[in-house]
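[1] Just the structure for this:
(2 chains)
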Amino acid sequence: MADQITKRSENYSQWYNDLVLKADLAEQSAVRGCMVIKPYGYAIWEKMQRILDDKFKATGAQNAYFPLFIPKSFFSREAEHVAGFAKECAVVTHHRLMNDPDGKGVVVDPEAKLEEELIVRPTSETIIWNTYKNWITSWRDLPIICNQWCNVVRWEMRTRLFLRTAEFLWQEGHTAHSTAEEAQAEAERMVQVYADFARNYMALPVIVGHKSPNERFAGALDTLTIEAMMQDGKALQAGTSHFLGQNFAKSFDVTFTDKEGQQQYVWATSWGVSTRLMGALIMAHGDDNGLVLPPALAPIQVVMVPIYRKPEELSAIVEKMVAIKKNLEAPGVSVKIDDRDNLRPGFKFAEWELKGVPVRLAMGPRDMESGTVEVHRRDTLEKETMSIEGIEAHIKSLLDDIQKNIYDKAFAFRASNVEKCDSWEEFKEKIQTGKFLLCHWDGTPETEQLIKDETKATIRCIPVDSFVCDDKGVDIYSGKPSQGRVVFGIAY
RNA sequence: CGGGGUGUGGCGCAGUUGGCUAGCGCAUCUGCUUUGGGAGCAGAGGGUCGUGUGUUCGAGUCACAUCACCCCGACCA
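    Predicted coordinates:
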């Protein structure tokens, strides 16, 4: 008997970890804090990448690639930026190894010290802006909308698979504009692209909003975010889009000549989502049987399991399955026939549930006689036996139904865990039970910090689409006047 | 960096106040029977007990040192 995964209610973290390992998504690598993404997990990531990449290109972005290493001097030009990342940087100091003179393996060759240390990129603003300097001279060179898919390294003290790893995969878009308005519009457009992706592909309801100054990206004037709620009620920042103003242009001296012949600094944005989205997907939808994948992102959307005693039965069933598979693949449904001979059906059922495959079809001798198939859906675990006749159309609409149902379920869960709160005593109690609280805030970093110190809760965002309440009131903590409510939560 | 914990076949663990040939479950391999919700029986293979030093007739077990990992904090655009 294979191991079961820990129940969510017993230990949420353990459940999450079990699920990642046993659904074969990823594992801890030999390098501390780093992760091996296994083929099944990577297939999901690839699917996310493809969809996002198409969306970026539709807004005019082009892909490019910039170096992994950033000279230390570049990195230190923007003061706020360096302060935000300095404590978690990996630094390359040497370029050669040599045999240990004492015969114990290899050591760093002290002769091979680099004149200037290289920082392994924690994000690429600095090296990209150093490059953009050479690309931009005229208003005709703008805008530049470049994206790169790459890895970055942040030397976190404590890591968790997908949610916070020392090295992670992401995309980072870096744009350059001639006006502040255009750059702001770009930042807003991209956060909406992320929100659309989260909602319609990941089946993840998210709140779009501005970060408070405390939570802003280091070096940004404004950070837009999509915030999701996990099943333990904690918040997960799933994507960000930053309006960087002219900070990086000034640090790297990037100017252009405008239509009037004036030298101006360029306006910038950057935006990114990472493999953390995988963590969001797992935590938002998974259940006690394992992963639940929205059909739009499932590498395998339909799995077929034959049930048989004799080889002749198997070949007859598989023949039938191949025919259905063909009909499903024509309109783009991905199908796998699990004809592994060494495993029993019950084992396969459990395994594909663990991996989150949305639909399972089982066919055995009984079905062969009656011309039926057993259809099982992962999201509700319901199964029904239906005629093979017209099954393809049914499965197509079932996949849409599952996609919608997963979203609705997550939406309903969040809805039942978001509430307005106007009492500090209530706040302290409720915030610990895993809720988003819509509260008045006086707009000062000081108050936010005091609230964080006392409760660990932070302002997840100042919402711009859902949950906007601009009723006037007084700050829940300080009692000072407030212009509207913000979303408080405890974050991953 | 502070507090706590764990290192024993691939994985998960037991191993008492030192003692006899280091054990169990899962996984693996072979054979037979099975196959509509994680199969059963029989047999087989697989171990520097994290590392080092010490105490002892004798160390997985005790002492000291050291390394690694995990959990709780601090940290986390």
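
[2] Point out where the stretch 301-450 of chain A drops to low pLDDT.
    Judged by pLDDT under 70, the stretch 301-450 of chain A has no weakly predicted residues.

[3] and it, which of its residues are near RNA strand B?
    Within reach of RNA strand B by C-beta under 7 Å from any atom of the strand, the stretch 301-450 of chain A has these residues: A:307-309, A:344-347, A:349-351, A:353-354, A:362-368, A:374, A:376, A:381, A:383, A:385. For every residue, glycine as well, the C-beta is placed using N, CA and C.

[4] Filter those residues down to the buried ones, ChimeraX style.
    In ChimeraX, this line selects whichever of those come out buried by 16 or more other C-beta atoms under 10 Å:
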select /A:307,308,349,351,353,354,362,363,364,367,368,374,376
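
[5] The residues of the stretch 301-450 of chain A next to RNA strand B in strands, which ones?
    A:362-363, A:374, A:376, A:383, A:385 (DSSP state E).

[6] Please enumerate the strands of the stretch 351-492 of chain A.
    For the stretch 351-492 of chain A, strands defined by DSSP state E, counting those that start in this stretch occupy the ranges A:359-363, A:372-377, A:383-387, A:418-420, A:436-440, A:458-463, A:473-474, A:481-482, A:485-489.

[7] can I get the CA coordinates of the third one in CSV?
    C-alpha atoms of strand A:383-387 as CSV (Å, rounded to 0.1, in the frame of the first residue of the first chain):
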residue,chain,number,x,y,z
LYS,A,383,-18.5,9.2,-11.0
GLU,A,384,-21.2,8.1,-13.4
THR,A,385,-21.5,5.4,-16.0
MET,A,386,-22.5,6.7,-19.4
SER,A,387,-22.8,5.5,-23.0
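
[8] Whichever helix or strand A:Thr240 is part of and RNA strand B in contact?
    Secondary structure assignment for A:Thr240, by DSSP states H and E: strand A:235-245. Yes - applying C-beta under 7 Å from any atom of the strand, one finds strand A:235-245 touching RNA strand B at A:237, A:240.

[9] Pull the distance from that strand to the chain's centre.
    Centroid displacement of strand A:235-245 relative to its chain, using C-alpha atoms, centre = their mean, to the nearest Å, is 12 Å.

[10] try stretch A:450-461
    Mean-position distance between stretch A:450-461 and its chain equals 23 Å (C-alpha atoms, centre = their mean).

[11] So what touches that stretch?
    Applying C-beta atoms under 8 Å, 6 or more residues apart in numbering, the external contacts of stretch A:450-461 come out as A:207-212, A:214-215, A:225, A:227, A:235, A:237, A:427-428, A:431-432, A:436-437, A:441, A:448, A:476-478, A:486-491.

[12] now with 6 Å?
    Residues outside stretch A:450-461 that contact it (C-beta atoms under 6 Å, 6 or more residues apart in numbering) are A:207, A:209, A:212, A:225, A:227, A:235, A:428, A:431, A:448, A:477, A:486-491.

[13] how about it as CSV, C-alpha atoms only?
    Taking C-alpha atoms only, stretch A:450-461 is exported to CSV below (Å, rounded to 0.1, in the frame of the first residue of the first chain):
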residue,chain,number,x,y,z
LEU,A,450,2.8,48.6,14.6
ILE,A,451,-0.1,46.4,13.5
LYS,A,452,2.4,44.0,12.0
ASP,A,453,4.5,43.9,15.1
GLU,A,454,1.5,43.1,17.2
THR,A,455,-0.3,40.6,14.9
LYS,A,456,2.0,39.6,12.0
ALA,A,457,-0.7,40.9,9.7
THR,A,458,0.2,43.2,6.9
ILE,A,459,-1.7,45.2,4.3
ARG,A,460,-2.0,42.8,1.4
CYS,A,461,-3.2,45.5,-0.9
